[in-house]
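# No sequence on hand, only this structure:
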């Protein structure tokens, strides 16, 4: 978690936050008038191929940039009380991929996400689901808490939308990974090593995200009665937030 704060003293990382936020917001705004899934809440989002690409390339800049970009996008038709939870959920959408990559045990490729091997693609698909579900649980729980949309409906829409988008983002990552590294914008090369956190328990952190996100989505959307989604869902939200302290 350390690099989420130390990055703000690095001018290039701040510029990467601005880049991620601007590109993500622009992509969201362009499709606001497209296929609306829940009026005033969400729509089909082709822009969701971007967060995982930003995350694996730009690290903590992607977490802040995705959150800020989503908030900017909300000003164009979906701004409301749920935007607070949208900020946090999209923060995790940009945070989870770079923090979890390489920490999935036998599911990890042991390589950089250049998307040249089937193991890299397998890892990306698993991380796509974890990241999408973590985002979905936070947003859907918060929106249900506000009495706007049931957890069951919104969590499934967001998980599906973001997972598909992230997997599609793998193609973009394949095209740009080497180019971004060649111009020196890979986040681990931009930031000073002492400003980057050394995970305390990365596998536990990844497990917390998988339980809080994937298990939380499945339990809340398919196993619990709607009335239990808020009290039980809070447990899964806490698990997701707790991962910040061990990753």
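Good, I have the coordinates. No experiment lies behind these values; they were computed from the predicted model shown.

# can we go C-alpha only for contacts and neighbour counts from here?
Fine.

# Residue 188: what secondary structure?
Put simply, residue 188 is helix when judged by DSSP: H, G, I helix; E, B strand; the rest coil.

# and it, how many neighbours?
Using other CA atoms under 10 Å, the number of residues around residue 188 comes to 14.

# now do residue 246
Neighbours around residue 246, by other CA under 10 Å: 17.

# pretty sure it is touching residue 199, no?
Yes. Residue 246 lies in contact with residue 199 (CA atoms under 8 Å); the separation is 5.9 Å.

# Buried residues of stretch 80-92, list them for me.
Along stretch 80-92, these residues count as buried under the neighbour rule (16 or more other CA atoms under 10 Å): 82, 83, 85, 86, 87, 88, 89, 90, 91, 92.

# Helix or strand: which one has the last one?
Spelled out, that is residue 92. Assigned by DSSP states H and E, residue 92 falls within helix 83-100.

# Give me the contact list for that helix.
Residues from elsewhere that reach helix 83-100, judged by CA atoms under 8 Å, 6 or more residues apart in numbering: 51-52, 54-57, 59-60, 62-68, 70-71, 74, 127-128, 130-132, 134-139, 142-143, 202, 205-206, 247.

# do the same with stretch 20-28
With contacts defined as CA under 8 Å, 6+ apart, stretch 20-28 is touched by 45-47, 50-51, 54, 61-62, 64-73.

# quick check, nearest of the buried residues of stretch 80-92 to residue 190?
Of all the buried residues of stretch 80-92, residue 91 has the smallest distance to residue 190: 20.5 Å, by CA to CA.

# where does the closest one sit relative to residue 70, distance-wise?
Going from residue 91 to residue 70 by CA to CA, to the nearest Å gives 9 Å.

# likewise residue 131?
16 Å.

# and residue 15, how many residues sit next to it?
Counted with other CA under 10 Å, the neighbours of residue 15 add up to 14.

# what does residue 6 give?
Neighbours of residue 6 (other CA under 10 Å): 17.

# okay, it: pLDDT?
The model reports residue 6 with a pLDDT of 95.

# residues in contact with the closest residue to it other than its chain neighbours?
Distances taken as CA to CA, 6 or more residues apart in numbering put residue 195 closest to residue 6, at 5.8 Å, once the chain neighbours are dropped. Under the criterion of CA under 8 Å, 6+ apart, the neighbours of residue 195 are 2, 3, 6, 7.

# now residue 134
89, 92, 93, 209, 210, 212, 213, 214, 240.

# out of these, who's nearest residue 106?
Using CA to CA, residue 210 comes nearest to residue 106 of the contacts of residue 134, at 14.9 Å.

# Okay, now the unreliable bits of the chain?
32-45 (pLDDT under 70).

# Quick one: the strands in it, in order.
In the chain, the strands defined using DSSP state E lie at 36-38, 42-43.

# how far out from the middle of the chain is the helix holding residue 92?
Offset of helix 83-100 from its chain centre (CA atoms, centre = their mean, to the nearest Å): 4 Å.

# one step back: so for residue 131 and residue 70, which residue has more residues nearby?
Higher neighbour count among residue 131 and residue 70: residue 131, with 30 against 27, using other CA under 10 Å.

# my guess is the more buried one meets residue 211, correct?
No. With contact defined as CA under 8 Å, residue 131 and residue 211 do not form a contacting pair (11.4 Å).
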